[in-house]
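Chemist: got a structure for you, letters missing:
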Ligand SMILES: Cc1ncc(C[n+]2csc(CCOP(=O)(O)OP(=O)(O)O)c2C)c(N)n1
Ligand SMILES: Cc1ncc(C[n+]2csc(CCOP(=O)(O)OP(=O)(O)O)c2C)c(N)n1
Ligand SMILES: [Mg+2]
Ligand SMILES: [Mg+2]
């Protein structure tokens, strides 16, 4: 077991956690506006999956994409400044929390209409295949997305055309206030994939290594022979749907139960058992990550807002 | 085996066949305009299914719905006059071939955007359940519809809410010029239904009794306990997608092979073997049906076109 | 009994829903989070407890699906109220509204009525970005067969929603996130506001400001400021976009001879252009100046407040346009997009 | 070499597709029946044989799916041409065009270009009924981020389609079933028509008829008849709806002082209203009469020819409106719907 790998994943997940905790504070202070969807509790999915991909593989995500953006770009400053709506944000303050992009690093959003980005991800994979390139496309979405027509059409075309896209369903058990069982008559979203048919696997989304392994294996296949895969990662969001949501629809017991599976806790314990970390080291990583986040916050706070006279730029080329 | 039943089904199918042959002639003479989608070769599906339903069960169909309309309403005059675009048509000439309706007889269209009517049919079933009525809704659509988002959402909601709707996929092997294998990566459309999950059955769509039996069985269940069913009827259209389509995409051999399964031929032979019909009797039925169709044609030809000054009526109540 | 109480826009809409569901058992509410959660914006809070799961139905995320279910249910005599969490998401069900709901009555030769209301918030809130900030009434109002209602006050919200629910045609009812907490007097007794009837929210002599929905408040604020300068603006609230109360617009313009239209949405081929065209063609000889539009800039909505602020119509832009219009000294303003 | 041959609109579009696919390997054609069947209306006939299945791709019936696939492919540098069998069906993909394609460039702060063309026939053919006869350019033109092109001749069809394919923004390219067989001269040599530039199809002094697409031919026929009565109409073909060539419209109206707009689609908040508003606000003092619209009646399209005929704008209705406009004796015509 590669110590550096585990330590890297731990740091990645912790960065996402601390970044969002800071964002939540800034939101409470009215410094961040609009919708803010936190990924806290789900960090193992983005970290594990994106760590298994090459930097040249494409990432397509939802409005709950801070961790994915950080995992791919490492750009805490650009992300925080974007949440602050500053000109130095990764999309100049035009996108906001739900619409992060980094074309150069192949991070393709940041989409906020449920399901709409699945066909788009299939299209990115289509382009790779069209060009004879072996890049894979990772498409993240939630459990609540499984009933959207765009989900169906995206999977159907990916299957029909054997497109190298990995659909990663982040099953955090809820779509806003709606528990999955109230909107899905089957137990696993993965069951749906089989009807296309797309090879599907279910993993413990709170185990970063299990996620990473499954994604590595899928990408390996996709590179050899283009075709879609479907991964369902069972996880849980510790916070509300967005910071505005008190999440009263869940019992304290339920949340407690899942918090015992906190992916950071799980990984820290594993690293301890493996003897590749100590409390001091974990503390050091935390200090380091907090410093990085603090730097991003200061950068965001000191950055200028986009100038009003640029408002009509970038509607068209 | 009930002789009257078979004879009735035979007459029903033959009426649809002769009706459409007459419509095709009228189209060739420029008396019918627009799109004309013939059902010739598929008659056993509509006849078998609708004969198994009560007159109070709802029918929702596509633009290829002449046979369904006739099976439910028996109104050859209203249908032919509608194809002619006459004021005496079943929808006053406003709808045309693709949009036949008869509210009183619970024939709810006649829809021409692929997939769009599946959620509508689910909604009709929703209303029955809401009112505590045990009527079933039969929803007909083609194989090419299986990749539409509306198909997915219609099935998902019907399953989630246990709505008494019977989805009947008329798998005639083609969507316009596209053979099913080029758009469906699984062998049977029915496979898709299982992902919702909806109980699905596959029948020989050219055997009117097999269709009838499957629908009877499904409706029986639905009345006892509301829930959706899915039926895939394998059949074939002998003509082009619409009368404008030469259907060059199919080999003569393929068409020949299927024509041996002509549902009318199959049923006539069965009736003969059962000794419940003779060539003379079949001839007599044909004469009778031709007369009915001829009457409808004359009715249509002699009917007036809708008056121009009514054009703004019925946009709103 | 019937003296008005002051309640919020949200409460007024909830009363309309409750009263109509009480009144007609065929009416039900369906949408994402409308039940157990009480509505993403709490409009339907408490209705599940009151009416039960049969009539307050939480849906999966499947707008095409549940919009279609509503249409089917309405075809056979129910009176569905379909909530879109926001109208932005209704674009995934656009086919159901435009190709099916708007067409059914006509293509069935009047055999079917389609008593269905599609409702939810439309337009910008604060910093919700390009996909969540669209004012979409112009798209739906373009389509014959649909009716479009955009209320501006709690009282109108209640009265118009009740009228929409009782209407036998499909109605697109567009609310506003930022107005849900707005307070105003609402009659406690039965209160209905007929569709298709505009309302003078502020009488005036010097110019007519035609507007609707959230923009009514922008117009009223501008009118107050203009009054200080001796410019007396009449604020005409359309309330219903389709059918349009053309007579009310023309009557007002016949009095003021000047017409300013304030619309939240994009300028190109919007409702404001329809109103401007109506005025220009029907009241041409009565106009002392060309009709002027104040609308959002012709851009997707940016997230940053520094940008969003300049995109949306403001009292300032409205005041500036009104001054030009009344003065009619400055050159006639260029297309709406550049009216700042 | 470059002297024009007379070919059909269909052939002209096919040439544009073939030339651009020849020229740029990143360009591909995707849609229902575009390959093996040669296109539902045979526009792409022969392209599969020429370019192979890699670049001429038959799709399942899944407009949201393949429109989205096109958007994704364009995001990473391909230049897709997505055919909608007709634009009526594009309404099932409306979310992809309006919420995604139109927004991407802006919300990514210009990081992405979206060089994609969505094309197919729009508008009424003959007796296709309410769901298959819609002229939808006004819906798409309302949305910033999209470009909208509606050609009227084989030469423009070729030149505009080539320009649209080379354009780096999403373009909605709207053809017409009834024009595919229309013949006209088309340069054999490289032929490009810039987006955003209107074209005077017939010069005239007495009034300006602003129109586009199929209606250009209605306007030209009307103009011929009017010439017989001594009314000299200028027919201005917009060609591109968005961006709109406002200068060309205003220049023509500055000359004629009268503006008639002929639009196939529904009147309410359509492109015709935008043009009328532009003229009324920018050329108010130059107008001798209010701008007038001739559009389809405000109804879903009926199937019966006896009704369809009165719904669509005709040379007769155009002539009648032009006479009233020039005479300006009769009362200014009421809203477009009632201009018969
Ligand atoms: C088409 C559409 N409908 C509704 C919404 C509002 N909405 C935003 S997120 C969300 C819940 C999505 O749940 P899920 O897919 O499980 O993702 P999660 O938020 O749990 O990560 C909803 C209903 C939307 N953005 N798009
Ligand atoms: C959304 C949509 N896309 C495309 C079309 C054009 N179209 C009409 S019928 C048809 C083929 C449908 O095939 P299938 O579902 O198998 O039914 P069939 O015609 O074989 O009975 C197509 C593509 C349409 N009407 N609606
Ligand atoms: Mg979820
Ligand atoms: Mg078929």
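Modeler: The structure has been received and is ready for your questions. Predicted, not measured: the structure shown is a model, and the values here were computed from it. Ligands and ions are numbered 1, 2, ... in the order given.
Chemist: which stretches of chain C have low pLDDT?
Modeler: C:1-2, C:328-340 (pLDDT under 70).
Chemist: where's the residue of it found nearest ligand 2, which helix or strand?
Modeler: Nearest residue of chain C to ligand 2: residue C:95, at 7.4 Å (C-beta to the nearest ligand atom). C-beta here means a position set from N, CA and C on the backbone, and glycine is covered the same way. Applying DSSP states H and E as the criterion places residue C:95 in helix C:94-95.
Chemist: quick one: contacts of that helix?
Modeler: B:113, B:116, B:150, C:64, C:139, D:91-92, D:94-95 (C-beta atoms under 8 Å, 6 or more residues apart in numbering or on different chains).
Chemist: then stretch A:265-275?
Modeler: A:1, A:3, A:6-7, A:9-10, A:13, A:44, A:206-209, A:277-278, A:282.
Chemist: generate a ChimeraX selection restricted to the buried subset of these.
Modeler: To isolate the buried ones among the contacts of stretch A:265-275 in ChimeraX, judged by 16 or more other C-beta atoms under 10 Å in any protein chain shown, type:
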select /A:6,7,9,10,13,44,206,207,208,209,277,282
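Chemist: what about the residue of chain C closest to ligand 2, neighbour count?
Modeler: Number of residues near residue C:95 (other C-beta atoms under 10 Å in any protein chain shown) recorded here: 31.
Chemist: same check on residue A:238?
Modeler: When neighbours are counted by other C-beta under 10 Å, residue A:238 comes out with 16.
Chemist: likewise the one 10 residues further on?
Modeler: For residue A:248, the number of neighbouring residues by other C-beta under 10 Å comes to 11.
Chemist: cool, residue A:197 as well?
Modeler: Neighbour tally, residue A:197, other C-beta under 10 Å: 16.
Chemist: okay, the residue nearest to it when sequence neighbours are not counted and ligand 1: tell me how far apart.
Modeler: Of all residues not flanking residue A:197 in the chain, residue B:186 sits nearest, at 5.8 Å (C-beta to C-beta, 6 or more residues apart in numbering or on different chains). Distance, residue B:186 to ligand 1, using C-beta to the nearest ligand atom, to the nearest Å: 25 Å.
Chemist: from what I can see residue A:32 touches residue A:97, true?
Modeler: Yes - the pair residue A:32 / residue A:97 is scored as a contact, 7.3 Å apart, by C-beta atoms under 8 Å.
Chemist: which of those two has more neighbours?
Modeler: residue A:97 (33 against 24).
Chemist: now that one: phi and psi?
Modeler: When read as degrees, to the nearest 10, the backbone of residue A:97 gives phi -50, psi -40.
Chemist: those helices in the chain, which residues are they?
Modeler: Using chain A. Ranges of helices within chain A are A:3-28, A:43-52, A:66-73, A:76-83, A:117-131, A:149-160, A:190-193, A:208-224, A:252-259, A:263-273, A:279-302, based on DSSP state H.
Chemist: should've been chain C
Modeler: So, for chain C - with DSSP H - the helices run C:9-23, C:47-51, C:63-75, C:87-90, C:94-95, C:102-107, C:137-141, C:154-166, C:215-228, C:246-256, C:271-282, C:305-311, C:315-327.
Chemist: centre of the chain to the fifth one, how far?
Modeler: Put plainly, it is helix C:94-95. 19 Å (C-alpha atoms, centre = their mean, to the nearest Å).
Chemist: which one of the helices of chain A lies nearest to ligand 3?
Modeler: Ligand 3 sits nearest to helix A:43-52 of all the helices of chain A, at 11.4 Å, using C-beta to the ion.
Chemist: tell me which residues are up against that closest one.
Modeler: Here helix A:43-52 has contacts from A:5, A:8-9, A:12-13, A:16-17, A:39, A:59, A:67-68, A:71-72, A:138, A:140, A:166, A:168, A:170, A:205-213, A:215-216, A:219, A:231, A:233, A:235, A:263-264, A:266-267, using C-beta under 8 Å, 6+ apart.
Chemist: and the residues you listed, which of them are buried?
Modeler: A:9, A:12-13, A:16-17, A:39, A:59, A:67-68, A:71-72, A:138, A:140, A:166, A:168, A:170, A:205-209, A:211-212, A:215, A:219, A:231, A:233, A:235, A:263-264, A:266-267.
Chemist: so which of those residues are also by ligand 1?
Modeler: residue A:170 (C-beta under 6 Å from any ligand atom).
Chemist: ok, the nearest residue to residue C:111 once chain neighbours are set aside - contacts?
Modeler: Nearest-residue entry for residue C:111: residue B:103, 4.2 Å, with adjacent residues in sequence omitted and distances by C-beta to C-beta, 6+ apart. If you count contacts by C-beta under 8 Å, 6+ apart, residue B:103 has them with C:108, C:111-112.
Chemist: next one: residue C:259
Modeler: Taking C-beta under 8 Å, 6+ apart, one finds C:207-208, C:210, C:249, C:253, C:275-276, C:279, C:283, C:287, C:291-292 in contact with residue C:259.
Chemist: run the last query once more with 7 Å
Modeler: C:208, C:210, C:253, C:279, C:291 (C-beta atoms under 7 Å, 6 or more residues apart in numbering or on different chains).
Chemist: and of these, the nearest to residue D:148?
Modeler: Closest to residue D:148 out of the contacts of residue C:259 is residue C:291 (24.0 Å), distances taken as C-beta to C-beta.
Chemist: most neighbours per residue, which of the helices of chain C?
Modeler: helix C:63-75 (a mean of 31; mean count of other C-beta atoms under 10 Å in any protein chain shown).
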